[in-house]
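Visitor: sequence unknown, structure follows:
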């Protein structure tokens with residue numbers, strides 16, 4: 001398999017999205033630029049915010065998750081939302097650069113593969129955070145769905161992008177305060193009927209306060225799902241006391 005990949009890379013070269021040099025990997029990201037990315041580590045296993053204590057051996061919860069647990073059970077976040085990652089996400093959402101969506105989806109799938117051990121079961125399906133139909137019509141695509149495609153292919157997990165919908169045209173979360181975000185997203189999602197999944201993974205591009213994925217998780221649990229995991233590309237690092 002490695003030989004086949006090497007041959008493919010020779011005939012179909014990849015170029016790094018940051019330095020534009022020919023990539024020495026199977027994706028559009030060279031090893032040097034990959035090493036410079038703001039990778040997250042030592043985070044709360046539930047919300048993915050940084051912890052002061054080490055979590056190398058035992059997953060730990062932050063104070064906010066201990067005091068007021070969110071509806072989702074686990075968050076796997078790849079990178080801190082800063083600098084180069086902000087550029088990638090904005091290029092996807094506002095310039096339609098789906099090459100970047102494919103790239104970060106492959107990075108996320110690699111991270112998930114390393115995270116889940118043999119005794120841990122993967123979710124039964126992936127649910128991208130839905131866009132309101134008006135925003136979807138204006139943008140032309142759902143970035144969460146585009147990121148989900150390479151993840152689903154790598155992990156052999158189906159994507160269910162039709163089981164829930166966004167029925168409330170909300171103000172962009174980045175334009176509101178933390179308190180306003182919670183109110184802004186309340187009642188924004190509807191799940192179509194009862195679901196027969198036990199464990200699902202929500203995929204989104206960026207988590208800021210967690211209110212969006214928490215509201216969607218609440219709806220999924222109410223529809224019959226037992227456990228919700230959250231997978232995202234980037235996590236905004238905020239100093240806050242609650243979700």
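Guide: Yep, it's here. Because the structure is a prediction, the values reported are computed rather than measured. Numbers count the residues shown, from 1 in each chain.
Visitor: might you list the low-confidence residue ranges for the protein?
Guide: 1-12, 54-57, 118-119, 171-179, 239-243 (pLDDT under 70).
Visitor: domain assignment for it?
Guide: Per automatic domain parsing, the structural domains of the chain span 1-36, 39-235.
Visitor: and those domains, which is most packed in?
Guide: domain 39-235 (a mean of 17; mean count of other CB atoms under 10 Å). To be clear about C-beta, it is placed using only N, CA and C from the backbone, and glycine gets the same treatment.
Visitor: start to end distance for that domain?
Guide: End-to-end distance of domain 39-235: 10 Å, with CA to CA, to the nearest Å as the criterion.
Visitor: in contact with the closest residue to residue 88 other than its chain neighbours, which residues are there?
Guide: Closest residue to residue 88 apart from its sequence neighbours, by CB to CB, 6 or more residues apart in numbering: residue 100 at 4.9 Å. If you count contacts by CB atoms under 8 Å, 6 or more residues apart in numbering, residue 100 has them with 17, 88, 91, 92.
Visitor: any idea how far the biggest helix by length in the chain is from the middle of the chain?
Guide: Of all the segments assigned as helix in the chain under DSSP state H, the longest by residue count is helix 98-115. Between the centre of helix 98-115 and the centre of its host chain there is 9 Å, according to CA atoms, centre = their mean, to the nearest Å.
Visitor: what's the next secondary structure element after it?
Guide: Secondary structure here is assigned by DSSP states H and E; on that basis, the next helix or strand after helix 98-115 toward the C-terminus is strand 125-128.
Visitor: what lies in contact with the next helix or strand after that next one?
Guide: From strand 125-128 onward toward the C-terminus, using DSSP H and E, the following helix or strand is helix 133-139. Contacts of helix 133-139 from elsewhere in the structure, counted by CB under 8 Å, 6+ apart, are 93, 96, 131, 142, 165, 166, 169.
Visitor: for residue 53, give its distance to residue 80.
Guide: With the distance defined as CB to CB, to the nearest Å, residue 53 ends up 19 Å from residue 80.
Visitor: right, I mislabeled it, should have said residue 121
Guide: Counting by CB to CB - residue 121 and residue 80 are separated by 28 Å.
Visitor: same check on residue 125?
Guide: Between residue 125 and residue 80 the distance, using CB to CB, works out to 28 Å.
Visitor: same check on residue 228?
Guide: With distances taken as CB to CB, residue 228 is found 23 Å from residue 80.
Visitor: which element is residue 225 on?
Guide: Using DSSP H and E, residue 225 sits within no helix or strand.
Visitor: mind listing what it touches?
Guide: For residue 225, the residues meeting the contact criterion (CB under 8 Å, 6+ apart) are 195, 197, 198, 199, 200.
Visitor: how far away is it from residue 71?
Guide: Note on residue 225: its distance to residue 71, by CB to CB, is 10 Å.
Visitor: and the helices in the chain, which stretches?
Guide: For the chain, applying DSSP H gives helices covering 2-11, 31-35, 63-67, 83-95, 98-115, 133-139, 143-155, 178-185, 211-222.
Visitor: quick one, phi psi at residue 162?
Guide: Recorded main-chain torsions at residue 162 are phi -120, psi 0, according to degrees, to the nearest 10.
Visitor: isn't it right next to residue 193, touching?
Guide: No - with contact taken as CB atoms under 8 Å, residue 162 and residue 193 are classed as non-touching, separated by 11.1 Å.
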